[in-house]
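A.B. asks: here is my input; please provide its structure:
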Amino acid sequence: MPVPPLTQAPAVSFDDTRVAFASKSDTQLRKMYALFAAMNNGSLVKTGSGLMKAALKWGLPGTKFLIKHSIFEQFCGGETIAECRPVTQELGKYNIGTILDYSVEGEGSDQSYDRTLQELLATIDEAHRSKHIPFSVFKVTGIADVAILEKIQAGQSLSTAEQTAHTRALARVDALCARAHQHGVRLFIDAEESWFQQTIDDLTYEMMARYNRETAIVWNTYQLYRHDRLDALKAAHDTAERAGYYIGAKLVRGAYMEKEARVARQRGYTNPINPSKQATDDLYDEALRYCVKHVDRISICAGTHNEASSLLLTQLMQKAGLAPSDPRIWFAQLYGMSDNLTYNLANAGYNTAKYLPYGPVEAVMPYLLRRADENTAIAGQSSREFLLIQKEIQRRKGR
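C.D. replies: Predicted coordinates:
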């Protein structure tokens with residue numbers, strides 16, 4: 001793929017609310033204001049989450065409608081791929097890509113794994129048809145038994161039935177990577193918990209060696225809140241260079257901090273998470289520098305809501321003489337959050353995309369509740385969203 005020539009990138013300001021909320025009507029903005037105001041209230045989120053789960057369980061009339069037209073609408077694209085298309089088209093108007101994220105958690109049976117496989121293949125086919133979908137994504141535990149993945153990492157022998165199940169899981173992963181390679185669609189493999197992540201890593205690198213000979217099709221995810229992940233990335237790069245294939249690296253901070261700490265205590269091993277947020281931030285930024293330095297072999301997606309890291313990557317690109325539209329470098333944020341990053345980066349010519357979760361309302365509830373909890377728990381995150389929305393409302397009033 002040819003690399004665009006360097007052009008002088010416009011300065012990026014993540015405070016430009018005119019650009020950040022250009023796609024939102026006054027009514028939509030006021031609705032967002034009310035939602036993020038609620039998510040600033042931790043006790044309200046906790047109580048509301050419990051009520052929503054109970055109401056869905058009891059099948060109370062109007063519950064699904066209420067959820068779908070509030071928190072679901074803010075953070076999800078729809079219940080099906082077809083329902084997501086208007087969102088994909090709307091994002092595309094602002095040069096923002098969509099990453100369809102099937103957010104239904106598996107039931108743990110071969111039948112559910114096979115259903116998930118078919119849905120994931122459909123997302124790859126949709127990406128192939130749409131110029132606005134630059135990536136597909138999946139979690140290995142959506143199509144494979146987590147207990148078997150854990151046993152493999154622990155070096156335990158599998159029973160005949162477990163080996164048969166694992167062989168089927170490997171075939172599902174290969175089917176996804178093969179379809180992505182066939183269509184030229186980049187494919188993220190999400191990171192998961194540390195006690196079976198090495199199994200996922202090994203499988204991902206096997207797929208890279210098979211399908212990343214011309215360009216980065218299969219991408220691994222590195223959770224930089226783990227202190228060993230930059231070393232893992234460096235080792236993967238060295239192996240890829242020797243073997244002659246390309247690395248796709250999605251860099252995130254991480255998603256399982258409390259669970260990782262709890263399991264480490266229970267099992268009596270050292271917590272793999274960095275000792276402080278600052279240590280994570282430093283490691284993340286060091287990983288960005290490493291990837292840009294080795295961009296001839298490593299394609300990068302900065303999956304982050306952190307403004308400092310996003311700005312750093314733009315600066316590293318400029319220093320390295322890389323155009324904002326260099327196809328090897330991407331920025332990504334979750335749909336419904338951090339529009340000030342996504343829209344301003346896209347407006348300045350950088351490759352950006354939104355993770356767009358979708359699935360039946362009832363099945364996506366665990367995802368939605370995590371978003372609500374995270375917006376409350378992340379220091380300043382919901383407040384930042386709330387204040388930016390407030391700023392834009394005031395700007396519009398003064399027009």
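A.B. asks: all strands of the stretch 151-300 of the chain, in order?
C.D. replies: Along the stretch 151-300 of the chain, counting by DSSP state E, counting those that start in this stretch, strands occupy 186-189, 218-223, 247-252, 298-303.
A.B. asks: nearest to Val19, of these?
C.D. replies: Minimum separation from Val19 across the strands of the stretch 151-300 of the chain (CB to CB) falls at strand 298-303, 19.0 Å. Bear in mind the C-beta positions are built from the backbone N, C-alpha and C, glycine included.
A.B. asks: now for the following helix or strand past that closest one, which elements pack on it?
C.D. replies: Using DSSP states H and E, the next helix or strand after strand 298-303 towards the C-terminus is helix 307-319. Judged by 3 or more CB pairs under 8 Å, 6 or more residues apart in numbering; DSSP states H and E, helix 307-319 is in contact with helix 277-293, strand 298-303, strand 329-334, helix 339-347.
A.B. asks: just to revisit the earlier point, between the strands of the stretch 151-300 of the chain, which one is nearest to Ser159?
C.D. replies: Between the strands of the stretch 151-300 of the chain, strand 186-189 lies closest to Ser159; by CB to CB that is 26.0 Å.
A.B. asks: roughly how far is the closest one from the heart of the chain?
C.D. replies: Taking the mean C-alpha point of strand 186-189 and that of its whole chain, the gap between them comes to 10 Å (CA atoms, centre = their mean, to the nearest Å).
A.B. asks: give me the contact list for it.
C.D. replies: 99, 124, 134-140, 176-177, 180, 200, 204, 207, 216-221, 248, 250, 299, 301 (CB atoms under 8 Å, 6 or more residues apart in numbering).
A.B. asks: and the pLDDT for the residue nearest the centre of the chain?
C.D. replies: Closest residue to the average C-alpha location of the chain: Tyr355 at 5.6 Å, with CA atoms, centre = their mean. The model reports Tyr355 with a pLDDT of 96.
A.B. asks: same thing with Glu79?
C.D. replies: Glu79 is given a pLDDT of 95.
A.B. asks: wait, it touches Glu362, no?
C.D. replies: No. With contact defined as CB atoms under 8 Å, Glu79 does not reach Glu362; the gap is 9.7 Å.
A.B. asks: if we can go back for a sec, in a markdown table: the strands of the stretch 151-300 of the chain, plus mean pLDDT and distance to Pro366.
C.D. replies: Shown next, in a markdown table, are those (pLDDT from 0 to 100; distance: least, CB to CB, whole Å):
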| stretch | mean pLDDT | distance to Pro366 |
| --- | --- | --- |
| strand 186-189 | 98 | 20 |
| strand 218-223 | 98 | 19 |
| strand 247-252 | 98 | 19 |
| strand 298-303 | 98 | 20 |
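A.B. asks: so can I have TSV of those strands showing mean neighbour count and distance to Arg265?
C.D. replies: As requested, those are exported to TSV (neighbours: other CB atoms under 10 Å; distance: least, CB to CB, whole Å):
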stretch	mean neighbour count	distance to Arg265
strand 186-189	25	28
strand 218-223	26	19
strand 247-252	23	24
strand 298-303	25	28
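A.B. asks: same list (those) but as CSV, adding distance to Phe14.
C.D. replies: Conversion of the strands of the stretch 151-300 of the chain to CSV gives the following (distance: least, CB to CB, whole Å):
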stretch, distance to Phe14
strand 186-189, 24
strand 218-223, 23
strand 247-252, 18
strand 298-303, 14
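A.B. asks: for Lys24, find the nearest of those.
C.D. replies: Of the strands of the stretch 151-300 of the chain, nearest to Lys24 by CB to CB is strand 298-303, at 23.0 Å.
A.B. asks: which residues of the stretch 101-250 of the chain score low on pLDDT?
C.D. replies: In the prediction, the stretch 101-250 of the chain carries no residues with pLDDT under 70.
A.B. asks: now Phe386. Nearest residue, chain neighbours left out?
C.D. replies: Nearest residue to Phe386 in three dimensions, chain neighbours excluded: Phe36, at 4.3 Å (CB to CB, 6 or more residues apart in numbering).
A.B. asks: what mean pLDDT would you report for the helix or strand hosting the one you found?
C.D. replies: Counting by DSSP H and E, the element that carries Phe36 is helix 26-39. Per-residue pLDDT over helix 26-39 has a mean of 86.
A.B. asks: what's the angle between it and helix 339-347?
C.D. replies: Interaxial angle of helix 26-39 relative to helix 339-347 (axes from the mean of the first three to the mean of the last three CA atoms, to 10 degrees): 140 degrees.
A.B. asks: counting by contacts, list what helix 26-39 packs against.
C.D. replies: helix 42-58, helix 71-75, helix 361-377, helix 381-397.
A.B. asks: weakest of the ones you listed in terms of mean pLDDT?
C.D. replies: For these, where the average pLDDT is lowest is helix 42-58, sitting at a mean of 58.
A.B. asks: same for whatever helix or strand comes next after that one, what does it pack against?
C.D. replies: Beyond helix 42-58 in the direction of the C-terminus, DSSP H and E gives the next helix or strand as helix 63-68. In terms of contacts (3+ CB pairs under 8 Å, 6+ apart), helix 63-68 is packed against helix 42-58, helix 361-377.
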